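[1] Take a look and give me a structure for this.
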Amino acid sequence: MKTDALIDMLATQAGPAPAFPVGRRLAGSVALGLLASSVLALALIGPLPAAVFYTAAPWIKLIYAALLLAGASTLAARLSRPASSTAMGRAAVASTVIVMLLAGAATLISASEGERWSALSGQTWWMCPWMLMMLSLPALMAILWTMRSLAPTRLKQAGCAAGLSAGAVGAMGYSLACPETSVAFVATWYSLGIALTGWLGHWLGPKALRW
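    Below is the predicted model:
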């Protein structure tokens, strides 16, 4: 059989190529990271009283982290494949952070002058970003490990997306134990902790994702 005829036969009989399961594999890493972050937060800090979940405070944290995770994981999935557009993921991450910062600023503006520092700093501002970053490490390692087995080519960007995803996961775990209630606190210190985890992923990306 001639080569051209063989190629034509194979092409005719071949079915559609299966979709590459990037999202499903990253979702598994995120789920494992969320479990680890939640267990660590509850073990190290302790759970919030059940009554707190009848207020808006913990849900604001969880919704912010979940929306940020959706955008950052979309970005990570795109950066796990060569030449994929990242515009949607970048826009989702940026818009989520901007909306949260605006909500925090509005909270400070509406507070009296004597209450603004308390609303911004709470009682745990000095530890919040670092605790959140620490709780994000299991997710960061899991996501980087998964992305390494895919085909990332923009390694610093991919590492940053992994870090932002992991930071959002850590924020969700931390929300189960964090006693702070101010929107301004969440907008400032949670965002800083997530950004630090993104920076760590950016630094680790070229080392962890090289293939």
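[2] Tell me the pLDDT of the residue positioned nearest the centre of the chain.
    Note on the chain: the residue nearest the mean C-alpha position is Ser165, at 2.0 Å, using C-alpha atoms, centre = their mean. As summarised for this prediction, Ser165 has a pLDDT of 98.
[3] Quick check: it vs Ser121, distance?
    27 Å (C-beta to C-beta, to the nearest Å). (Each C-beta comes from the backbone N, C-alpha and C, glycine too.)
[4] now Pro129
    Counting by C-beta to C-beta, the gap from Pro129 to Ser121 is 12 Å.
[5] Please say which of those two ends up with more neighbours.
    Pro129 (21 against 17; other C-beta atoms under 10 Å).
[6] for the nearest residue to the more buried one once chain neighbours are set aside, what are its contacts?
    In this structure, Pro129 finds its nearest non-sequential neighbour in Gly193, 3.7 Å apart by C-beta to C-beta, 6 or more residues apart in numbering. Contact analysis of Gly193 by C-beta atoms under 8 Å, 6 or more residues apart in numbering lists Cys128, Pro129, Trp130, Met131, Leu132, Met133, Ser136, Gly167, Gly170, Ala171, Tyr174.
[7] Who are the contact partners of Arg81?
    Applying C-beta under 8 Å, 6+ apart, we find Arg81 in contact with Phe20, Val22, Leu150, Ala151, Pro152.
[8] buried subset of these?
    By the neighbour-count criterion of 16 or more other C-beta atoms under 10 Å, the contacts of Arg81 include these buried positions: Val22, Leu150, Ala151, Pro152.
[9] Just those residues: which are in strands?
    For the buried ones among the contacts of Arg81, not one is inside strands, with DSSP state E as the criterion.
[10] mind giving me a markdown table with the residues you listed and columns for distance to Thr188 and pLDDT?
    Shown next, in a markdown table, are the buried ones among the contacts of Arg81 (distance: C-beta to C-beta, whole Å; pLDDT from 0 to 100):
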| residue | distance to Thr188 | pLDDT |
| --- | --- | --- |
| Val22 | 33 | 81 |
| Leu150 | 34 | 89 |
| Ala151 | 37 | 86 |
| Pro152 | 31 | 92 |
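[11] so can I have TSV of those residues showing distance to Leu102?
    Shown next, in TSV, are these (distance: C-beta to C-beta, whole Å):
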residue	distance to Leu102
Val22	32
Leu150	35
Ala151	37
Pro152	32
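[12] Could I get the buried residue list for the helix or strand harbouring Thr197?
    For Thr197, the element it lies in under DSSP states H and E is helix 191-208. Residues of helix 191-208 classed as buried under the neighbour-count rule (16+ other C-beta under 10 Å) are 191-202, 204-205, 208.
[13] which among these gets closest to Leu62?
    Closest approach to Leu62 among the buried residues of helix 191-208 (C-beta to C-beta): Ile194, at 13.7 Å.
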